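Asks: this is a predicted model, with the sequence first.
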Amino acid sequence: MPPAKSLRVRMAENGLLQIMAAHSPLSAILAEEAGFDGLWASGFELAALYGLADMSLLSMTQHLDMLRAIAGRTRLPIVADIDTGYGNAINVIHAIGEYERAGASAVVIEDKTFPKVTSLVAGGRQELLRVEEFQGKIEAAIATRATPDFLVIARTEALIAGRGEQEALDRARAYVEAGADMILVHSKKNDPSEIESFSRAWTGSAPLVIVPNAYPDLDASRAKALGNVRMMIYGNCGIRAAAIGMQEAFRRVMADGGAQNVHKDILPVEEIFRLQRMEEIKAAETRFLR
């Protein structure tokens, strides 16, 4: 089954999809082994991997290169974070074709102006696009996709920008009118009150997507109880987990004057070999190297 079709089937069967952010093929392999329904090709995580702020500094080519690498090492469907679509509706037309060919099953486009600033940073510039202009981006994406199974998810940042629930609802309705398959609503409050209130007020036909980065108490069972949330994206867990693991190990090596203590607490090399499918390579060598 094509990955885009698989994503829709999983949603119909499971009710709520749990999607883990991935910033590399290795993180994608680990997410698949953990049992997630899909992967989030995260702009934030990839920017962090490059040591850059999530402020539209990475190019579409850089993001696509990593997405292709991830798609080559996993069977999970990939939801691609394409920020504002790399420009206007014409840029979106180009981006949709590229992301479909690269192996994405869905894209998320947000209604900020380009270049964007990451949503959760304190005091960040959060400027929203005119509704009509963003509708054009969604319409362009819908008209361009090669298969109707490919999900176009419209992300409203109205709550992030402090515009309030009513504007968030109005924008979401306008984006559904433009053809969006799902609505991603985001909040920077450290509790899920805004998201739960929006969900209760939402009467649109499109299901909701949430990203509980700032409000982790909103777990899967609580999200299911809202009734219209169909996708949860764990948006920055991967890179934060990787960074804290490396920070601790590197500091211990320096403090101890060597790796004699830390080596017991990090993955054995044999486990890395397993993740690299080393046994398959050895079998191929036995079979084909003569």
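Replies: Happy to help now that I have it.

Asks: show me the shaky parts of the stretch 1-150 of the chain.
Replies: Counting by pLDDT under 70, the stretch 1-150 of the chain has no low-confidence residues at all.

Asks: how does it look with 80?
Replies: For the stretch 1-150 of the chain, applying pLDDT under 80 flags the ranges 120-124.

Asks: and the strands in it?
Replies: 17-22, 38-41, 78-81, 106-110 (DSSP state E, counting those that start in this stretch).

Asks: now render these as CSV, adding mean neighbour count and distance to residue 285.
Replies: The C-beta positions use only the backbone N, C-alpha and C, and glycine is treated the same way. Shown next, in CSV, are the strands of the stretch 1-150 of the chain (neighbours: other Cβ atoms under 10 Å; distance: least, Cβ to Cβ, whole Å):
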stretch, mean neighbour count, distance to residue 285
strand 17-22, 24, 29
strand 38-41, 27, 30
strand 78-81, 26, 31
strand 106-110, 26, 38
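
Asks: between those, which gets nearest to residue 274?
Replies: strand 17-22 (18.4 Å; Cβ to Cβ).

Asks: counting by contacts, list what that closest one packs against.
Replies: Applying 3 or more Cβ pairs under 8 Å, 6 or more residues apart in numbering; DSSP states H and E, one finds that strand 17-22 contacts helix 3-14, helix 25-34, strand 38-41, helix 43-49, strand 229-234, helix 237-256.

Asks: mind redoing it with 6 Å?
Replies: The contact analysis (3 or more Cβ pairs under 6 Å, 6 or more residues apart in numbering; DSSP states H and E) places strand 17-22 against helix 25-34, strand 38-41, strand 229-234.

Asks: please work out which of these is packed deepest.
Replies: strand 38-41 (a mean of 27; mean count of other Cβ atoms under 10 Å).

Asks: residue 235 and residue 162, how far apart?
Replies: Distance of residue 235 to residue 162, given as Cβ to Cβ, to the nearest Å: 20 Å.

Asks: residue 273 too?
Replies: Distance, residue 273 to residue 162, using Cβ to Cβ: 50 Å.

Asks: try residue 21
Replies: In terms of Cβ to Cβ, residue 21 sits 25 Å off from residue 162.

Asks: same thing with residue 110?
Replies: For residue 110, the distance to residue 162 (Cβ to Cβ) stands at 16 Å.

Asks: before we move on, back to that, more neighbours: which of residue 235 and residue 162?
Replies: residue 235 (25 against 10; other Cβ atoms under 10 Å).

Asks: ok, now which ones touch the residue lying closest to that one once chain neighbours are set aside?
Replies: Take residue 235 and drop its neighbours on the chain: the residue closest to it by Cβ to Cβ, 6 or more residues apart in numbering is residue 211, 4.5 Å away. Residues counted as contacts of residue 211 (Cβ atoms under 6 Å, 6 or more residues apart in numbering) are 186, 233, 235.

Asks: does the last one touch residue 214 like I think?
Replies: The reference is to residue 235. No. The criterion here is Cβ atoms under 6 Å, and residue 235 misses it with residue 214 at 9.7 Å.

Asks: tell me the phi and psi of residue 59?
Replies: Backbone torsions of residue 59, given as degrees, to the nearest 10, read phi -80, psi 160.

Asks: what is the neighbour count of it?
Replies: Residues near residue 59, counting by other Cβ under 10 Å, number 10.

Asks: ok, it to residue 287 distance?
Replies: Distance from residue 59 to residue 287, counting by Cβ to Cβ: 40 Å.

Asks: then residue 12?
Replies: Residue 12 is 41 Å from residue 287, where distance means Cβ to Cβ.

Asks: show me the helices in this structure, by range?
Replies: 3-14, 25-34, 43-49, 60-71, 89-102, 131-144, 165-177, 193-201, 220-226, 237-256, 269-275, 278-288 (DSSP state H).

Asks: in contact with the residue positioned nearest the centre of the chain, which residues?
Replies: Computing the C-alpha centroid of the chain and ranking residues by Cα atoms, centre = their mean puts residue 40 first, at 2.9 Å. Neighbouring residues of residue 40 by Cβ under 6 Å, 6+ apart: 19, 21, 79, 233.
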